[in-house]
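Visitor: got a predicted structure here, sequence first:
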Amino acid sequence: MLRYSKKNSRFGAFIFSFVIVAAVSAFFLPAVNSTATMLSSNTPQSDSIYEGGVPTANAGDLEKLKQEEARLASMLASIRQQKLSVLRSRPLTIGIIGFGRFGQFIAQSFTKYGNVVGTSRSDYTDIANEIGAKYVPLSNLEGFVMDHELDVIVVAVSIVSFEDTIKDLVPHLKKKMQLKGKDACPLIVDVLSVKEHARDIMLKHLPEECDILSSHPMFGPDSARNGWQGHTFVYERTRIDKMLLDPSQMNRVDSDANFLDTKGVTHNLHENSESHIEGMDRVERFLSIWEEEGCKMIPMSCKEHDEFTANSQFITHLMGRILGAQGLQATPVDTKGFQNVLRLIETTHSDSFDLFFGLYKYNRNSMDTIVKLKESMDQIIAKLLQKEGKSDTIPGAKQSCL
Ligand code: NAP
């Protein structure tokens, strides 16, 4: 089996691009042409479809469109099949630092596409064996980095231990680059649930030769226990070939999306430098794993991610923790609504308190969310008391300390 490395990646990138371009040309151009032909026969000038400016259809039009739809679906399935075989023909070797709940969860899927090496503080040798991964204790971080031809290192430790972990990793990466050359640094990927913090730490400590992908799979062992299909994967291509992505371009997924390097020079995503192509190829191959598992892929800046998640993920965990503190129990007469409340408590409590604390501490928007929630609670209580004709202060209630 051929293994992926930066050295053979240019050829791989060429073949990969060729297959995709050929497939797209072979399949989509005739489809575009035939769709264009269909549309041109149904232009506003055609009496059959437009009457008084309102589109109408001929008998049989729907049938034709359905056939076209089926043809395109089968083309797409064929392209996916080709993508998968390209991916499997040159599997990545992926290291995972932090082989806890989430690290094991992603390792299970990664082993379908590549070789996986895990490392963590605790001994997870047996679990790694069951999954089909290799295991190295974190006490031998040097061996983890130096003894394996890692294409990618995914850092899946707790948010609170992320900075120390990255700092510990750096000397080994530098040593590897000294011995094997500047392009020997694996792609570093984080999966933290807070993104600006992770991005800042990686940019602060990692050598500039190390490519960086910031990511957040918006699911975990509970919500995606039956597979990743349809679950959201948020990512930012943070740095490739020493070029920092301009976060303002994140919503642009077209071929003109740009990178702004550290000197403020803008580079095209597909520009023709060998190391750029190699870096992009490796990122795309890693992203393809998530695509192949059926994830909904959302490119988004780390900043935007954190703004959204403070009012979605953090508030969910916060409500789960608050409700959990009430000691609520199932009763023989539970409504569906209450069953949902109990489920929320259960899922938020199956994640570690470290995770919850990290969501609070390292998302600059979290305190705003807490303050707004507190205000809303006060407003709703005041409304109830007002309706009852009582004063809007709760007897015995302490003043808010927020
Ligand atoms: P977690 O409590 O956030 O992290 C546990 C992991 O961190 C374990 O691998 C643990 O290693 C490691 N760790 C903790 N303290 C450490 C330290 N001081 N030094 C080195 N390693 C340390 O729980 P998790 O659910 O596994 O999450 C891991 C990461 O994935 C987090 O950054 C989280 O934000 C992200 N994430 C989680 C989910 C989810 O659904 N759980 C979803 C998306 C992203 P040992 O077990 O060896 O002690």
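Guide: Received it, and whenever you're ready, just let me know what you need.
Visitor: C-alpha from now on. contacts and neighbour counts both.
Guide: Noted.
Visitor: how many neighbours does Gly380 have?
Guide: For residue 380 the amino acid is Ile, not Gly. The tally of other residues near Ile380 (other Cα atoms under 10 Å) stands at 12.
Visitor: which strands or helices does the helix or strand where it lies pack on?
Guide: Secondary structure assigned from DSSP states H and E places Ile380 in helix 366-387. Secondary-structure packing of helix 366-387 (3 or more Cα pairs under 8 Å, 6 or more residues apart in numbering; DSSP states H and E): helix 353-361.
Visitor: repeat the analysis, applying 10 Å as the threshold.
Guide: If you count contacts as 3 or more Cα pairs under 10 Å, 6 or more residues apart in numbering; DSSP states H and E, helix 366-387 packs onto helix 302-309, helix 315-324, helix 353-361.
Visitor: do you know which of those lies nearest the ligand?
Guide: helix 353-361 (4.1 Å; Cα to the nearest ligand atom).
Visitor: buried set for that closest one?
Guide: Counting neighbours by 16 or more other Cα atoms under 10 Å, one finds that the buried residues in helix 353-361 are 355-356, 358-361.
Visitor: from the chain's centre, how far out does it sit?
Guide: 19 Å (Cα atoms, centre = their mean, to the nearest Å).
Visitor: ditto for stretch 225-237
Guide: Taking Cα atoms, centre = their mean, one finds stretch 225-237 lying 6 Å from the centre of the chain it belongs to.
Visitor: buried stuff in it?
Guide: Buried residues in stretch 225-237 (16+ other Cα under 10 Å): 228, 231-237.
Visitor: just the buried residues of helix 353-361 that are near the ligand?
Guide: For the ligand, the contacts drawn from the buried residues of helix 353-361 by Cα under 6 Å from any ligand atom are Leu355.
Visitor: could you list the low-pLDDT ranges of the stretch 101-250 of the chain?
Guide: The model of the stretch 101-250 of the chain has pLDDT under 70 over residues 248-250.
Visitor: buried residues in stretch 175-190?
Guide: Buried residues in stretch 175-190, counted by 16+ other Cα under 10 Å: 175-177, 183-190.
Visitor: and for stretch 311-323?
Guide: Within stretch 311-323, the residues scored as buried using 16+ other Cα under 10 Å are 314-321.
Visitor: what do you get for stretch 61-71?
Guide: For stretch 61-71, the neighbour count (16+ other Cα under 10 Å) marks no residue as buried.
Visitor: is it true that Asp126 touches Gln104?
Guide: No. Assessed by Cα atoms under 10 Å, Asp126 is found out of contact with Gln104, at 11.6 Å.
Visitor: can you list residues touching both of those two?
Guide: Residues touching both Asp126 and Gln104 (Cα atoms under 10 Å, 6 or more residues apart in numbering) are Ala133.
Visitor: looking at those two now, which is surrounded by more residues?
Guide: Remark: of Asp126 and Gln104, Gln104 carries more neighbours, 21 against 12, as counted by other Cα under 10 Å.
Visitor: wait, the more buried one touches Gly95, no?
Guide: No. If you go by Cα under 10 Å, Gln104 and Gly95 don't touch, sitting 11.6 Å apart.
Visitor: identify the contacts common to these two.
Guide: 118, 133.
Visitor: any chance of the helices and strands packed on helix 366-387 in TSV, with mean pLDDT too?
Guide: Output for the helices and strands packed on helix 366-387, formatted as TSV (pLDDT from 0 to 100):
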stretch	mean pLDDT
helix 302-309	95
helix 315-324	96
helix 353-361	96
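Visitor: what's near enough to touch Arg121?
Guide: Arg121 makes contacts with 97-100, 136-140, 157, as judged by Cα under 10 Å, 6+ apart.
Visitor: many thanks, have a good one.
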